[in-house]
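1. Output the structure for:
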Amino acid sequence: MEGSGRPVQSVWRRLRRSLVRARSAQRRRDSQRTRAGRLATAAVLVVAGLLVVVSASNARGIDLRPGRNTDLVSLVQSESRRNTALAAQLTRLRSEVDTLAAAQGDAGSTDLSEELAERSALVGLTPVSGPSVTVTLTDAPSSVAGDGVDQDLLVVHQQDIQAVANELWRGGAEAMTIQGQRVIATTGIKCVGNTVVLHGIPYAPPYRISAIGDPAKLQAALAGSEFIRIYQQYVDAYRLGYEVTSSSRADFPGYQGSIDLQYATPLETPR
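-> Reported below is the predicted structural model:
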């Protein structure tokens with residue numbers, strides 16, 4: 001019995017040594033993996049820190065994307081005020097030139113001054129007063145936009161303003177303003193984004209087109225217009241704004257700005 005127990009004990013000792021060696025090897029592998037992971041984590045943190053330091057050094061306290069923070073609205077408003085001030089200055093200088101020219105004329109300067117005043121009134125350079133009609137156009141409310149409707153159907157376009165102006169001229173308008181600016185023969189209406197530009201100045205809705213003349217004839221021209229009838233269908237469908245009001249007296253300013261033609265040239269008459 002004693003002899004048979006020795007081989008069993010020997011086998012048991014060898015098995016226990018194998019288990020101990022296997023557990024030690026596993027611990028070494030786990031220890032190596034832990035050290036490798038810690039080293040990798042430390043390396044990533046060091047690189048990230050270097051990137052932050054380099055970015056801060058290059059930025060030096062300024063925004064790395066200044067173009068995205070440009071206040072375009074303030075820029076447009078500032079340029080609009082500047083254009084208005086320059087137009088007023090041009091008008092004052094033109095008036096001074098006319099006064100000096102009249103003062104230095106000969107005996108016929110009175111007739112020349114009268115002709116100049118008459119032509120200035122025809123062009124629209126002088127203020128004018130009288131009964132008026134005003135048409136106000138506005139975009140559809142923002143709540144309509146959520147119904148999946150095409151956005152172009154919900155805003156006032158330059159052709160809408162131009163059509164109203166044409167109908168008022170057809171109704172016998174003697175003078176006209178859009179957004180308070182006097183309209184003359186060279187006035188152009190242009191859409192830029194969601195604004196309308198008039199004489200280089202952008203305007204947002206509501207758009208007001210006013211005309212001096214016989215209110216009854218002006219309103220009759222609007223009521224008989226096929227374009228206005230179609231526009232009112234969009235008013236009913238998409239809640240665009242359309243309002244017509246009249247006044248017994250309105251005061252329109254004279255046109256302020258350059259009247260020089262940049263592209264068109266006078267047609268030479270044959271001799």
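
2. hey, where'd the strands end up in the stretch 101-250 of the chain?
-> Here the stretch 101-250 of the chain has its strands, by DSSP state E, counting those that start in this stretch, at 128-138, 175-178, 181-182, 189-192, 195-198, 201-203, 207-212, 241-252.

3. Just to check, Pro205 is in contact with His157?
-> No. Taking Cβ atoms under 8 Å as the definition, Pro205 is not a contact partner of His157, at 10.8 Å. For every residue, glycine as well, the C-beta is placed using N, CA and C.

4. who's more crowded, those two?
-> Taking other Cβ atoms under 10 Å, Pro205 and His157 do not tie; Pro205 has more neighbours (18 against 14).

5. how close does that one sit to Thr265?
-> To Thr265, Pro205 is 36 Å away according to Cβ to Cβ, to the nearest Å.

6. How about Ile209?
-> In terms of Cβ to Cβ, Ile209 sits 30 Å off from Thr265.

7. These two: which is more packed in?
-> Set Ile209 next to Thr265 and count neighbours by other Cβ under 10 Å: Ile209 wins out with 24 against 6.

8. surely the more buried one meets Ala163?
-> No. If you go by Cβ under 8 Å, Ile209 and Ala163 don't touch, sitting 9.9 Å apart.

9. Mark out where each domain of the protein begins and ends.
-> For the chain, automatic domain parsing gives the domain ranges 1-64, 71-126, 129-254.

10. In terms of mean pLDDT, which of those domains ranks lowest?
-> Sorting the domains of the chain by mean pLDDT places domain 1-64 lowest, at a mean of 62.

11. burial measure for Thr134, as a count.
-> Neighbours of Thr134 (other Cβ under 10 Å): 17.

12. what's it in contact with, if anything?
-> Thr134 sits next to 208-211, 244-247, 250 when contact means Cβ atoms under 8 Å, 6 or more residues apart in numbering.

13. Identify, from those, the entry nearest to Lys190.
-> Ile209 (15.3 Å; Cβ to Cβ).

14. who touches the closest one in this structure?
-> The contact partners of Ile209, taken as Cβ under 8 Å, 6+ apart, are 134-137, 161, 164-165, 168, 176-178.

15. buried subset of the residues you listed?
-> 134-137, 161, 164-165, 168, 176-178 (16 or more other Cβ atoms under 10 Å).

16. Now for the residue nearest to Ser225 when sequence neighbours are not counted: which residues touch it?
-> Of all residues not flanking Ser225 in the chain, Glu167 sits nearest, at 4.7 Å (Cβ to Cβ, 6 or more residues apart in numbering). Glu167 makes contact with 221-222, 225, 227-228, according to Cβ under 8 Å, 6+ apart.
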